[in-house]
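> Give the three-dimensional model of this entry:
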Amino acid sequence: MKLIEGKKVIRDPFFYLCGRLLTPRSVLILLFTAVISGIWGLKKRILVREQESGIYIFQFKEVQTRDHALHGGPWFSGNSIILLAEYDRVCDHKTMSLQTMKIWVAVKGLCIAMRKPKALTLLGNALGHFMHFD
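So this is what the prediction gives:
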């Protein structure tokens, strides 16, 4: 317990992600924990808890490891993508946005006429919700 601005608060020494595995199959949590720890290149397993069907809470000891998992993807387990979001253990995990993910797409061999902002925007919107190009 620690005092912050004169109030007693419990300080959690861990860092969390909330995740959703997009698969219709059931998942064995011990196997999934071992697989995802290996995918993320961790020497020690992390703690994974299933909140409800397909929604998982991942607990990390270091913020760098959590950030690698959050930003180093996209990640797949058993040919199914894993959607991740930061989680503070205060908000309800059901309110987390685990329906979409940002991805960067490289389009090779694009003719010069298609490299203009309007054409790139049209192309991006054809792939999904377009955000920006570089």
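> Please identify the buried residues of stretch 49-59?
Buried residues in stretch 49-59, counted by 16 or more other C-beta atoms under 10 Å: 51, 54-59. No exception for glycine: its C-beta is placed from N, CA and C like everyone else's.
> Distance-wise, check Asp88 relative to Lys44.
Taking C-beta to C-beta, to the nearest Å as the measure, Asp88 falls 23 Å from Lys44.
> wait, Phe32
Per C-beta to C-beta, Phe32 is found 16 Å from Lys44.
> quick one, which of those two is more surrounded?
Neighbour count, other C-beta atoms under 10 Å: between Phe32 and Lys44, Phe32 has more, with 17 against 7.
> Wait, the more buried one touches Ser77, no?
Yes - assessed by C-beta atoms under 8 Å, Phe32 is found in contact with Ser77 at 6.6 Å.
> Overlap in contacts, these two.
Leu21 (C-beta atoms under 8 Å, 6 or more residues apart in numbering).
> Which pLDDT value belongs to the nearest residue to Gln59 once chain neighbours are set aside?
The shortest distance from Gln59 to any non-neighbouring residue, by C-beta to C-beta, 6 or more residues apart in numbering, is to Leu47 (4.0 Å). pLDDT recorded at Leu47 is 86.
> ok, now which ones touch Leu47?
By C-beta under 8 Å, 6+ apart, the contact list for Leu47 reads 33, 58-59.
> Does Glu86 fall in a helix, a strand, or a coil region?
strand (DSSP: H, G, I helix; E, B strand; the rest coil).
> For it, name its beta-bridge partners.
Beta-bridge partners of Glu86, counted by DSSP bridges, are Leu17.
> can you tell me which residues contact it?
Contact partners of Glu86, counting by C-beta under 8 Å, 6+ apart, are 16-18, 70.
> Helices of this structure, start to end?
For the chain, the helices defined by DSSP state H cover 29-39, 63-71, 117-127.
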